Every structure is written in structure tokens, then in C-alpha cells.
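> Sequence and predicted structure below; questions after.
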Amino acid sequence: MNAGDTAWLLISTVLVFAMTLPGLSFFYGGLVRRKNVLSILMQCFTVAALISIQWVLFGYSLSFGPDTGFGVIGGLDWIGLKKVSGTPFPDYAGTIPHTLFMVFQCMFAIITPALMIGAFAERMKFSSFLIFTLLWATFVYDPLAHWVWGNGGWMKSLGGLDFAGGIVVHASSGISALIICLLLGKRTGYLKEPFRPHNLPYTILGGSLLWIGWFGFNAGSALAANDIATHALITTLIAPAAAGLTWAFIEWYVNEKPTILGAISGALAGLVAITPACGFVNVGNAIIIGIIASVLCYLFVVKIKAALGYDDSLDAFGIHGVGGIWGTIATGLFAEKAVNPAGADGLFFGGPQLMPQLIMVLAAPIYAAIVTFIIYKVVDLTLGVRVKEKEETIGLDLTQHGEAAYTVIE
Amino acid sequence: MKYIIAIIQPHKLTEVMGALEKANIPLITVSNVLGRGRQKGITQTYRGTREVGSLLQKVKLEIAVNEDFVAPAIEAITSSAKTGDIGDGKIFVLDLHDVMRIRTGEKGSEAIG
């Protein structure tokens, strides 16, 4: 046990929690129309509460518990945190309490389903949202976390690298988000009337808090207070910096004016893309990964979404799906042992790392997409996923929660 | 000259403005208002206190027009704002005594459009 490592992981755990509450909730909350802001805050809050409980009861056991034999899922040995004690579990982290590793991972399990809220914002029934989230966490997130990070997980055995969750967190939630918004359909009036973000300062505040929390997300994933953690923190600063500027410059060129929403969107694209790579690539390549992430996500958010006409309302797929897939591939290109001896050499450094990365990029999203489709259909046939059109028109704040965010007159 | 005040459902604003523009009446002032007609408001709850039938969000349009445009304006608003449910709103038509354009000092029906 190491006090320094333990202190850093305690802090990182809280930082990652802050990414969901209040980071993501205000980032998304500001982007929706004023009649739906509370529904977003409530959904983010609920994910945090619901998945915390799911995680200690059985989620952690399914994800990180002893493998059941095929590298597909952990067993039920650690159900209710049985056998998870303050003694370190060296296979995962030898210098911090096992319980601390468990709660650090819990924060990742929370933010992943919360990211998908962006795709079905402003039109999902709250009751269905609850059930859907619980099923998705159990049948999509927990197995994927086991594949990539769990002891005996097949992707881990294959040598796939995902430093902090590019594939497990971002690509999986992003692809699932795309499936949901395709099945759920567009918001009423989409592309016919303007859907303006109702409070951009909220969005910038939330987005900035995401960046702050991301230092814990990425540098904490070193699971120690050491040189690798410091390196991950630096790339987590530099890649989004390059990506944020890139997006703003693209807008400046295309629309004649750079916007703050563009800059923060670019920064998030850069954060997502550097997530799997942050502890494996050098700082110069982090800049390149950030710039390319911004260009790719810009194309999906601004061009491809408009061309295909699907309503990924707050760009959960466009940023997290696209950025996560790019980052996972980029790890296979730019990773080098000179940065992290525990990593591998990517294609540009003469190593074979690209192949396992490509397998991850194919297998994880396909699995996530199929299971998301099944869960969606089950919930839709039993409860119905979408609110009535009239409720959507009035807004989810009043119709789902009986609350209004803003008063016009006291 | 008439002064038309219309209270409509907020989500109908884009459609109503489009219809008015088609009727060649693009000049308009819009505000967010709260109100209650025969439609009861939605019950809200704050820490267990239920507030039954509180006020609803509406949008208020104000348009000053010459006589020729009164009927087209009303037609444009009614046809575009109607959903058929309670709560679609109302149109009030008032006599308008005078108008002055601040920039030029023009008055009356010259200043209106």
C-alpha cells in the first residue's frame, strides 16, 4: 500500500464523479431548450445514483470479478462487494486499497450511460430511461469493461490498449447513442424550426468541468501517483487544447466567425480521442491526435449528421463515438514504449499494436450496437420509450417531473 | 389602423411567423408571457407542495397594420396557430390612434410598414 498513490486515486475518483455531476449535466442541460433542462439534470443525477448502487451490488463483480472462463464476463464471486476489501488486489492495482479501485471504476460506469443522454434528449420517457439505463449498464457496459480491463478479459489478453476508456466508455456509449436516436426518431420539429441551446454559459461551464474532471479520469487511470500519471495529465491538457483551437479555426474559415460552443466541442472531441492514448503517446503526437479528432468530429457533427438527417440531439455519437473510435485507432498508430514501457509500439514505431486496436474498434461497437438494439426493443414493447407528442411539445420538465426551471414572473 | 395582439402556443411561433411573412406582414414584436385561459395549467410540485393549475408559457405577438392587412393577418395567425386543443390562444384587435417612426418622424399609416 502506498499513501501517495492512494491519495491521488481518492482525488481522481472525486474528479471523475464531477464529470457527470455537475459537468456533463450542465454541458447537456445548457444545450437543450429551456422546457427540458431539468429533465437532463434529473437524468444525469439519476444515472449517478442508480449506477452507484448497481455497481456495488453486482456491476463491479460482472466487470472485474474473476472471469467465468471465456473472457466474456466476470462471475458473481464479488457480488455485494464480497471479498472486496481494503487490502490491495495486485492484479488490478497493487498499491491502493481494492475498495478504492472499485469506487474509482464506479465513476466510469456512471458517466458512460450518462453520455448517451445526449442522443435521446428532449423526448424519452423517464420511466423507460430508468429501466433502459439499468439494463444497458448491466448488459453492455459491464461485459465491455470486463473484455478490456477485467482479469482474463479477451481483449486484454489480446493485448488491446485502452488507457482510460476510449473504447469501453466513449466508443461504446457513442455507438449505442446512435442506435437509440435512430430507433427513437427525430424530435418533433427537428430541422423545421430552430433548436437553439437555451443557455450556452451553462454548457461552457459544464464542458470546462468535464475537462477538469478528465485530468482525474485519464491521469488517475495510471492507478499511481507517478511519471505515467503526470504524462497522461499533460496529454490530457495538450490534445484538447489543439482540438479546441482546430474546431474554432474551422468554423472561422467556414462561417467567418469562431464560436465558443465550437471551441468547447472541439476540446471534448480531443479529450475523448486522447483518452485511450493518453498514457502511451508522446506530447507532439497528442497534438496531432487532437487536431485530427476535431476534424473528424466536425465532419460528423456538422456535415454527415445534416446530410443523413438523424437527430443525435446533443452529438453523443458525433463526439464520443467518432472520437473514441479515432482515439483507439490512434493508439495503435502512435503508442511507443519509450513513453510507457508497459504499453506497446504502434505502427509508426514499427510495432504490431494496430491490429489489436482494430479488433477492439470493430468488436466492441458491434456488440454494443446489437445489445442496445435488443434492450431498446424490449423496453419499447413493454413500457414505450418515447413520450407522447403533446408532452414533448410542452416539455419534459413539466410533463415528466412537474417542475419548471425558470420563472418569468415570481 | 389596427393593433393586433395574439396569444399563441410557444411551439407555434415559427409557423405563425412564416404564415405572416407569406401574407406580406413581416413586422412583428414577440414576447414570452405567462397566462391562463380556459386551459388549466399543469400541476407543479416543489418539495412536496403541489401548485395546481399554475400559469402556462405562452407567446405574445404584437402587430400594427393598416386596414387592408387586418383580415389577412388574422387569417394567417388563426390558420397557423390552430391545433384544435384548448390552449391555442386568442387574437385581440384594437384601434390604433397613431404611429411614429422615431428615425424619420413619419406618422400614421406611412410609418406603419
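In hand now; what should we look at?

> got the residues of the stretch 1-150 of chain A near chain B?
Residues of the stretch 1-150 of chain A lying near chain B by Cβ under 8 Å from any Cβ of the partner chain: A:Lys35. All C-beta spots, glycine's among them, are computed from the backbone N, C-alpha and C.

> Closest approach to chain B from the stretch 1-150 of chain A, which residue is it?
Ranked by Cβ to the nearest Cβ, the top residue of the stretch 1-150 of chain A for proximity to chain B is A:Lys35, at 7.5 Å.

> wait, what's in contact with the closest residue to that residue other than its chain neighbours?
Ranked by Cβ to Cβ, 6 or more residues apart in numbering or on different chains and with sequence neighbours excluded, the top spatial neighbour of A:Lys35 is A:Gly395, at 2.6 Å. Listed by Cβ atoms under 8 Å, 6 or more residues apart in numbering or on different chains, the contact set of A:Gly395 reads A:33-36, A:39.

> Which members of those occur in strands, if any?
Of these, none are assigned to strands by DSSP state E.

> Of those residues, which belong to helices?
Judged by DSSP state H, helices contain the following of the contacts of A:Gly395: A:Ser39.

> so which of the contacts of A:Gly395 comes closest to A:Ile79?
Nearest to A:Ile79 out of these is A:Ser39 (Cβ to Cβ; 32.8 Å).

> so the closest one touches A:Gly402, yeah?
No - A:Ser39 lies out of contact with A:Gly402 (Cβ atoms under 8 Å); the separation is 11.3 Å.

> Which residues of the stretch 151-300 of chain A lie near chain B?
Going by Cβ under 8 Å from any Cβ, the residues of the stretch 151-300 of chain A near chain B are A:189, A:192-194.

> Need these in TSV (columns: neighbour count).
Formatted as TSV, these follow (neighbours: other Cβ atoms under 10 Å in any protein chain shown):
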residue	neighbour count
A:Gly189	14
A:Lys192	11
A:Glu193	16
A:Pro194	8
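
> re earlier: and the residue of the stretch 1-150 of chain A closest to chain B, what is it in contact with?
Taking Cβ under 8 Å, 6+ apart as the criterion, A:Lys35 is in contact with A:394-398, B:57.

> out of those residues, what pair is the most spread apart?
The span of the contacts of A:Lys35, defined through Cβ to Cβ, is set by A:Leu396 and B:Gln57 at 13.9 Å.

> Which one of the two is surrounded by more residues?
The neighbour comparison of A:Leu396 against B:Gln57 (other Cβ atoms under 10 Å in any protein chain shown) goes to A:Leu396, with 27 against 20.

> how close does that one sit to chain B?
Look at A:Leu396 and chain B: by Cβ to the nearest Cβ, to the nearest Å, they are 12 Å apart.

> For that residue, which residues are in contact?
Contacts of A:Leu396 (Cβ under 8 Å, 6+ apart): A:35-36, A:38-39, A:122-123, A:126, A:387.

> out of those, which are buried?
Taking 16 or more other Cβ atoms under 10 Å in any protein chain shown as the criterion, what is buried in the contacts of A:Leu396 is A:35-36, A:38-39, A:122-123, A:387.

> got those residues as a markdown table, with pLDDT columns?
Output for these, formatted as a markdown table (pLDDT from 0 to 100):
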| residue | pLDDT |
| --- | --- |
| A:Lys35 | 93 |
| A:Asn36 | 97 |
| A:Leu38 | 98 |
| A:Ser39 | 98 |
| A:Glu122 | 97 |
| A:Arg123 | 97 |
| A:Val387 | 97 |
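
> how near is the residue lying closest to A:Leu21 once chain neighbours are set aside to A:Ser173?
On the basis of Cβ to Cβ, 6+ apart, the spatially nearest residue to A:Leu21 that is not a chain neighbour turns out to be A:Ala48, at 5.3 Å. Using Cβ to Cβ, to the nearest Å, A:Ala48 is found at 15 Å from A:Ser173.

> For these two, indicate the residue with more neighbours.
The neighbour count for A:Ala48 versus A:Ser173, taken as other Cβ under 10 Å, is higher for A:Ser173 (31 against 19).

> Do I have it right that the more buried one meets A:Gly118?
No - using Cβ under 8 Å as the test, A:Ser173 is too far from A:Gly118 to be in contact (9.2 Å).

> list residues touching both of those two?
Joint contacts of A:Ser173 and A:Gly118 (Cβ under 8 Å, 6+ apart) are A:Ala316.

> what's the helix or strand for B:Glu15?
helix B:13-22 (DSSP states H and E).

> Where is the longest helix in chain B?
Counting residues, the longest helix found in chain B (DSSP H) is helix B:70-81.

> OK, contacts around whichever residue of the stretch 101-250 of chain A sits closest to chain B?
The minimum distance from the stretch 101-250 of chain A to chain B, using Cβ to the nearest Cβ, falls at A:Glu193 (4.0 Å). By Cβ under 8 Å, 6+ apart, the residues touching A:Glu193 are B:11, B:14-15.

> How about the contacts made by A:Ala114?
Contact analysis of A:Ala114 by Cβ under 8 Å, 6+ apart lists A:20, A:24-25, A:43-44, A:47-48.

> Show me those residues that map onto helices.
Using DSSP H, these in helices are A:25, A:43-44, A:47-48.

> Give me the spatial nearest neighbour of A:Gly213, chain neighbours excluded.
Counting by Cβ to Cβ, 6+ apart, A:Met19 is the residue found nearest to A:Gly213 once chain neighbours are left out, at 3.5 Å.

> Wait, that neighbour touches A:Phe108, no?
No - counting by Cβ under 8 Å, A:Met19 does not reach A:Phe108; the two are 9.5 Å apart.

> Quick check, pLDDT for whichever residue of chain B sits closest to chain A.
Using Cβ to the nearest Cβ, B:Thr14 is the residue of chain B that sits closest to chain A, at 4.0 Å. Note for B:Thr14: predicted pLDDT of 90.

> ok, residue 110 - how many residues close by?
Answering for chain A, as no chain was given. Using other Cβ under 10 Å: A:Ile110 sits among 26 other residues.

> if you could check chain B rather than the one you did, that'd help
12.

> Provide a list of residues in contact with it.
Contacts for B:Glu110 (Cβ under 8 Å, 6+ apart) come out as B:Arg101.

> Neighbour-wise, which one of the ones in helices among the contacts of A:Ala114 leads?
Ranking the ones in helices among the contacts of A:Ala114 using other Cβ under 10 Å puts A:Val47 first, with 29 neighbours.

> Touching, that residue and A:Leu134? I think so.
No - in this structure, A:Val47 is not within contact of A:Leu134 by Cβ under 8 Å, at 9.7 Å.

> which stretches of the chain have low pLDDT?
With no chain named, the answer covers chain A. Counting by pLDDT under 70, the ranges of chain A that qualify are A:408-410.

> sorry, should have said chain B
B:39.

> now with 50?
Applying pLDDT under 50 to chain B flags no residue at all.

> any chance you could map the helices in the stretch 201-350 of chain A?
Along the stretch 201-350 of chain A, counting by DSSP state H, counting those that start in this stretch, helices occupy A:227-255, A:260-274, A:283-298, A:305-308, A:322-334.

> helices or strands up against the first one?
Packed against helix A:227-255, as judged by 3 or more Cβ pairs under 8 Å, 6 or more residues apart in numbering or on different chains; DSSP states H and E, are the following elements: helix A:200-219, helix A:260-274, helix A:283-298.
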